[in-house]
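A.B. asks: Sequence and predicted structure, then a few things I'm wondering about:
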Amino acid sequence: MSLVELLNWVQTSRFAHGIAESNHLLIALLQVVHVFGFIFLLAPLFLVGLRVYRLVLTNYPTEHVVKQGRKLSLVGLSMTLSSGILMFLSAPLHYYYNWAFDTKMGLLTLAMVLYVGQFLWVAALNKQHPALARLGISMSLLSWIAVCMAGRAIGFV
Amino acid sequence: MGTAIAEGRFAFPVLEGIHLIGLSMAVGLLLLTDLRLMGVFLPQVPVRQVHRQLQPYILGGFAVVIVAGTLLFFSEASTLIVSPPWPFKFFFMLLAAVNALYFEFVIARRPEALPEGGPLPLGVRCAGLASFVLWALVIICGRMIPYIPHWA
């Protein structure tokens, strides 16, 4: 079974039909959850970034800020991924043929790798190599910003 | 200018993206401050420190949101003003602004309002909760605009 056949099978499934043909406010609700998830995901990253650049909370250890932000950020990631997957399942072939969506998925993969690395190592890295920690958090934030820009373009291409 | 944004291939999505990124920074950091006021985030860090140090970045983010939002409004003003969630979005923004000003100029100026440690007064926690709920409602209304284009 090719990928297109698989996506076609998903798109014609009862579950996908259920989402696509439900009240349009269900998709609106998924969009709301997606945006809230993105905000909860990104806000702790901004805070950790500001701390790593020594712009805020400088008398508190970076690991303390990272640890506190991690929980909220993971909640945001779960919200944004689950709502994103449900929106994708409503019309997978439509998204498959959309180059902005492909770009978003590529950028999302990069952002996820940097995200995991950042929450695992940024605090330790900040102690030994602050310049590398700054580079890492900057790359992580930029990758999420790029994901956001590609995501907004999906409806316009 | 509004026509140029509406008719340009990428101007509108780029502005929407900038609006969302500004929102993530401004409202995101504001929600973190609200969670601190409620006592559930960074409880070891004094509230005054979180509030004062994050404020410039929150205001900077809001400047981005306002500029991008105004340009988006110019490009689709006629559809926006008839959308039911649109006036509600501004109503909740107004309430959030009043809440923020009351906190800044009344509650936070009381000597006992923002202690260095320990539980925060009820008024401070309520101000944080009100801000959190109001900004959540602003975002919900904003996202609903394309899905509820007109009354009935």
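C.D. replies: On my side now, so go ahead.
A.B. asks: Which positions in the helix or strand bottoming out on mean pLDDT in chain A come out as buried?
C.D. replies: Lowest on mean pLDDT, DSSP states H and E among the helices and strands of chain A sits helix A:14-20, with a mean of 83. Going by neighbour count (16 or more other Cβ atoms under 10 Å in any protein chain shown), the buried part of helix A:14-20 is A:16, A:19. Every C-beta, even on glycine, is put in place using the N, C-alpha and C of the backbone.
A.B. asks: And for stretch A:73-88?
C.D. replies: Within stretch A:73-88, judged by 16+ other Cβ under 10 Å, the buried ones are A:73, A:76-77, A:79-80, A:83-84, A:86-88.
A.B. asks: what pLDDT, on average, does stretch A:121-128 get?
C.D. replies: Stretch A:121-128 shows a mean pLDDT of 82.
A.B. asks: So is that stretch next to chain B?
C.D. replies: No - judged by Cβ under 8 Å from any Cβ of the partner chain, stretch A:121-128 and chain B are separated, with a smallest distance of 14.9 Å.
A.B. asks: cool, stretch A:18-25 as well?
C.D. replies: Yes - for stretch A:18-25 and chain B, the contact criterion (Cβ under 8 Å from any Cβ) is met by A:24-25.
A.B. asks: Please tell me how far the lengthiest helix in chain B is from the chain's geometric centre.
C.D. replies: Using DSSP state H, we find that the single longest helix of chain B is helix B:47-75. Its chain's C-alpha centre and that of helix B:47-75 lie 8 Å apart, by Cα atoms, centre = their mean, to the nearest Å.
A.B. asks: Using PDB, write out every CA atom in stretch A:117-135.
C.D. replies: Extracted in PDB, the C-alpha atoms of stretch A:117-135 (Å, rounded to 0.1, in the frame of the first residue of the first chain):
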ATOM      1  CA  GLY A 117      17.900  18.600  23.200                       C
ATOM      2  CA  GLN A 118      17.100  22.000  24.700                       C
ATOM      3  CA  PHE A 119      15.100  20.700  27.700                       C
ATOM      4  CA  LEU A 120      17.600  17.900  28.300                       C
ATOM      5  CA  TRP A 121      20.900  19.700  28.000                       C
ATOM      6  CA  VAL A 122      20.400  23.500  28.000                       C
ATOM      7  CA  ALA A 123      20.900  23.900  31.800                       C
ATOM      8  CA  ALA A 124      24.000  21.800  31.900                       C
ATOM      9  CA  LEU A 125      25.300  23.400  28.700                       C
ATOM     10  CA  ASN A 126      24.700  26.800  30.000                       C
ATOM     11  CA  LYS A 127      27.100  26.200  32.900                       C
ATOM     12  CA  GLN A 128      30.000  24.900  30.800                       C
ATOM     13  CA  HIS A 129      29.400  26.500  27.400                       C
ATOM     14  CA  PRO A 130      27.000  29.400  27.700                       C
ATOM     15  CA  ALA A 131      27.500  30.500  24.000                       C
ATOM     16  CA  LEU A 132      26.400  27.000  22.900                       C
ATOM     17  CA  ALA A 133      23.400  27.100  25.100                       C
ATOM     18  CA  ARG A 134      22.400  30.500  23.600                       C
ATOM     19  CA  LEU A 135      22.900  29.100  20.100                       C
END
